[in-house]
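Novice: take a look and give me a structure for this.
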Amino acid sequence: MRQRRDAALRSLKLMLVASVALPFLLFCYAAEVNYHAAFELADERIERAGDIAAEQALRVFQSISVTFDSVEQITRGRTDQTIKLNAAELSERLKQFVAALPDISSIWILDKQLDAQVSSLFFPIPAAFNAPERAYLKAQLAPDEKLHIGEVVRIQETGRLIFPVSKWRFDSSGTFAGLTEISVSPQAFERFYGRLAARTSASFTLVREGGAVLARYPAPAVMGIKLDASSGFGQMIAQNPDGGRYTAVSSIDNLERRIHARKLAGFPLYITSSLETRDILGGWLRYMAGHLIFGVPATLFLVVLILLAMRRTSALYAELERREMLEASLRQSQKMEAVGQLTGGVAHDFNNLLTIILGNLQMALRQNPEGKTGRLISNAHQAADRGAELTRRLLAFSRSQPLDPHPIDANRLVAGMSDLLDRTLGETIAVETVRSAGLWLTEADAPQLEAAILNLAINARDAMADGGKVTIETGNAFLDEFYCQSVDAVKPGQYVMISVTDTGTGMPQEVIDKAFDPFFTTKPAGAGTGLGLSQVYGFIRQSGGHVRIYSEIGEGTTVKIYLPRSFARDKPLTAAKAAHDSPAGKQEVVLVVEDDADVRAYVVETLSALNYSVREAANAEAALSILDDPGPVDLLLTDVVMPGMNGRALAEAAKLRRPGLKVLYMTGYSRNAIVHQGRLDAGVSLMQKPFSQNVLAMRVRTMLEEA
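Specialist: Model prediction:
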């Protein structure tokens, strides 16, 4: 009996030990596994956030490099004297560069003595900015001809924190002529890092080679911090100059952190991202405490652990996929925006040149309409017309064209294009329209929308060499939040959809990905500019809409346009008068204000030939002097973009002197003077450069005859 009791007790003790030891061992094993998993997951988060921070920094410094090249172009061949003489113009150009790059605060052109000649902040430059006391900033500028990044300094005159990025300039003989200096705001990086940290213990640091801290979030209490060779950063860089992962007590906030550093390709800079180790451990402890609180048998514990791991892994990959889609969309948007800014920058001068060329060719053609000379002039005129159309398409792509939107019934617009589409596409292409009942209104620029649909129809025709069918369909659509998350800058809501479908050859995915890129085309050389779809893309995005391509090889292509729904009442659009003839004037007085002498001469000569009494001015100040005289002025015809006072400000000042004065604007690129958010201001009459003599005559006559 005693032996059997002892045996039973021993069995119970073994069961007791096993019932305690087995769950304990399983818990210890799970704790060990999850400890490493917590740090691996943290490392992934740190590296992923570091990737985003590095991409942002690379974009900023690549933009700075492009800006250096742009400044070099506008100063190339200029001496210090010519730079000073043109300081006002150069200052305006520098302001445009700064406006395009929100991460920089100013651009400076310095002479050989490192004194400021031109600035985007001031014109003229205050003497304090060239005082000897500014040696603290001069010491930060480039010691050689390569791009040099200085340390963070506080500008005494403004109180701002900046770090200078500078590069040598050379004259036409290759001799050192001074520096270009770009002041970069650390706060721009810190604001981006703050959004990236999103209420976590994450920190991000922009560090120059040598250890100088340029920007950090959370911001340090003092500026001018350097990470020396004894710091964790210094030791890691000494072993691996390209960066790596390490754990150390931060020299900046004295907190132990899990840190990942990477070198920025092509620049002497590093980006570090980190999390506090206590937060990583805290997350791991909370995870394991949940299992202790809800203690379960060992088998159920393992099942729950596997289910949680599966759930976490699925969520992780879903998040990674969504981020990759957003990053790809962001890169595409940034590429389009960069090309658009370049396009808008040259449009004004190019359109002025085309106005002069087209106008003089048209006058020459009227004097020599026959013979070989007439044919040569006609050929040149046609080429200049193509150049003007190319510029209009580039402006449409860059979303810089002035739009005049009105409520539109897309069904009515598509129906009105039927005859035009039949004539344009030819007899081998069948055109079918499917118009949805109860279609909502949308608000858009009707001529531009017609041009977009026509462009899509022509592309569809070119994809059907042996003939086929084009279907234009309208309908109501709703883009939900899930769809909009994968598309950059598209808002959820109600849209009017217009689709153009063909039965052509279709496109592979790699062609679809590039279809909206400017100058990309699959057509043979000389058969197209590659700007048709780019123009459609720019117009739709400028109108607040979205465009998407669906295609399969051998099955055809569908392009869907989505324009936001409008709740305004439909206003019937009146057809524009055809400008076949040039209506003459009745000796009305027209005041022409244009800073370009050749454009002004062309406009004055044309209006004078049309029986108008013309007065001219090269700038707003001269125009106001004329308006102060008692003589009559029936119409003010003014350029928008001029040095000093622009056309919009001139018109407002003119109407104060002469209430009721009619104003007609002309421009090659508006630069937000009369166009805001891509739309023409209410009550504004605009004539887009380049324009023909007929268009000029019609617009002036129409303005003068308006009640």
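Novice: quick one: buried residues of stretch 78-89?
Specialist: Residues of stretch 78-89 classed as buried by neighbour count (16 or more other CB atoms under 10 Å): 78, 80, 83, 87. The C-beta positions use only the backbone N, C-alpha and C, and glycine is treated the same way.
Novice: for the one helix or strand the third one maps to, name the packing helices and strands.
Specialist: In this case it means Ile83. Here Ile83, judged by DSSP states H and E, is contained in helix 80-85. When contacts are defined as 3 or more CB pairs under 8 Å, 6 or more residues apart in numbering; DSSP states H and E, helix 80-85 sits against strand 116-119.
Novice: kindly recompute the last result at 10 Å.
Specialist: helix 2-75, helix 87-100, strand 116-119, strand 176-184 (3 or more CB pairs under 10 Å, 6 or more residues apart in numbering; DSSP states H and E).
Novice: which other residues reach that helix?
Specialist: Contact partners of helix 80-85, identified using CB atoms under 10 Å, 6 or more residues apart in numbering, comprise 74-75, 78-79, 90, 109, 111-113, 115, 117-118, 124, 169, 171, 177-178.
Novice: go on, stretch 276-291?
Specialist: Under CB under 10 Å, 6+ apart, the answer for stretch 276-291 is 26-27, 30-31, 34-39, 41-43, 45-46, 200-203, 247-250, 253, 255-259, 275, 301, 304-305, 308.
Novice: what residues of that stretch count as buried?
Specialist: For stretch 276-291, by 16+ other CB under 10 Å, it's 276-277, 279-280, 284, 287-288, 291.
Novice: which of those residues fall in strands?
Specialist: Glu276 (DSSP state E).
Novice: which of the buried residues of stretch 276-291 fall within helices?
Specialist: Counting by DSSP state H, these place 277, 279-280, 284, 287-288, 291 in helices.
Novice: quick check on the contacts of stretch 276-291: which are buried?
Specialist: When the contacts of stretch 276-291 are checked for burial by 16+ other CB under 10 Å, the buried set is 26-27, 30, 34-35, 38-39, 41-42, 45-46, 201-203, 248, 250, 257-259, 275, 301.
Novice: as CSV, the buried residues of stretch 78-89 with distance to Ala99 would be great.
Specialist: Converted to CSV, the buried residues of stretch 78-89 look like this (distance: CB to CB, whole Å):
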residue, distance to Ala99
Arg78, 22
Asp80, 26
Ile83, 21
Ala87, 18
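Novice: spell out the residue ranges of the strands in the stretch 101-250 of the chain.
Specialist: With strands called from DSSP state E, counting those that start in this stretch, the stretch 101-250 of the chain shows them at 104-110, 116-119, 148-149, 153-154, 161-170, 176-184, 203-208, 213-217, 243-249.
Novice: the first one pairs with which strands?
Specialist: Spelled out, that is strand 104-110. In the sheet, strand 104-110 lines up against strand 116-119 (antiparallel), strand 176-184 (antiparallel) (DSSP bridges).
Novice: for Asn351, which of these is the nearest?
Specialist: Asn351 lies closest, by CB to CB, to one member of those: strand 116-119, at 26.2 Å.
Novice: for that closest one, give the mean pLDDT please.
Specialist: Summarised as a single mean, pLDDT over strand 116-119 is 86.
Novice: and if you look at stretch 59-74?
Specialist: Mean predicted confidence for stretch 59-74 is 89.
Novice: gap between that stretch and the chain center?
Specialist: In terms of CA atoms, centre = their mean, to the nearest Å, the centre of stretch 59-74 is set 16 Å apart from its chain centre.
Novice: mind starting the numbering at 30 from now?
Specialist: Sure thing, new numbering starts at 30, so read that last one as stretch 88-103.
Novice: would you mark the buried spots in that stretch?
Specialist: Buried residues in stretch 88-103 (16+ other CB under 10 Å): 88-90, 92-94, 96-97, 99-100, 103.
Novice: just stretch 181-193 next, same as before
Specialist: 181-182, 184, 190-193.
Novice: what helix or strand is the nearest residue to Arg686 once chain neighbours are set aside located in?
Specialist: The shortest distance from Arg686 to any non-neighbouring residue, by CB to CB, 6 or more residues apart in numbering, is to Leu656 (5.0 Å). Leu656 belongs to helix 649-657 when assigned by DSSP H and E.
Novice: and that helix, what does it pack against?
Specialist: strand 618-622, strand 642-646, strand 664-668, helix 676-686.
Novice: which of the ones you listed sits closest to Ile487?
Specialist: Nearest of the helices and strands packed on helix 649-657 (CB to CB): strand 664-668, 33.8 Å.
Novice: the closest one: partners in the sheet, and parallel or antiparallel?
Specialist: Partners of strand 664-668 in its sheet, by DSSP bridges: strand 618-622 (parallel), strand 691-696 (parallel).
Novice: right, and the ones you listed - which one's nearest Glu681?
Specialist: Taking CB to CB, strand 691-696 is the member of the strands paired with strand 664-668 nearest to Glu681, at 9.3 Å.
Novice: residues in contact with the helix holding Leu656?
Specialist: So helix 649-657 is contacted by 618, 620-624, 644-646, 662, 665, 667-668, 671-676, 678-680, 682-687, 690 (CB under 10 Å, 6+ apart).
Novice: of these, just the buried ones, PyMOL syntax please.
Specialist: To isolate the buried ones among the contacts of helix 649-657 in PyMOL, judged by 16+ other CB under 10 Å, type:
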select buried, resi 620+621+622+623+624+644+645+646+662+665+667+668+671+674+675+676+679+680+683+690
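Novice: now do the buried residues in stretch 240-256.
Specialist: Buried-residue list, stretch 240-256, by 16+ other CB under 10 Å: 240-246, 249, 252, 254, 256.
Novice: farthest pair in those residues?
Specialist: Greatest spatial distance in those: Gly240 and Tyr246, 18.0 Å, computed using CB to CB.
Novice: so where is the stretch 180-329 of the chain shaky, pLDDT-wise?
Specialist: Within the stretch 180-329 of the chain, the ranges that satisfy pLDDT under 70 run 321-329.
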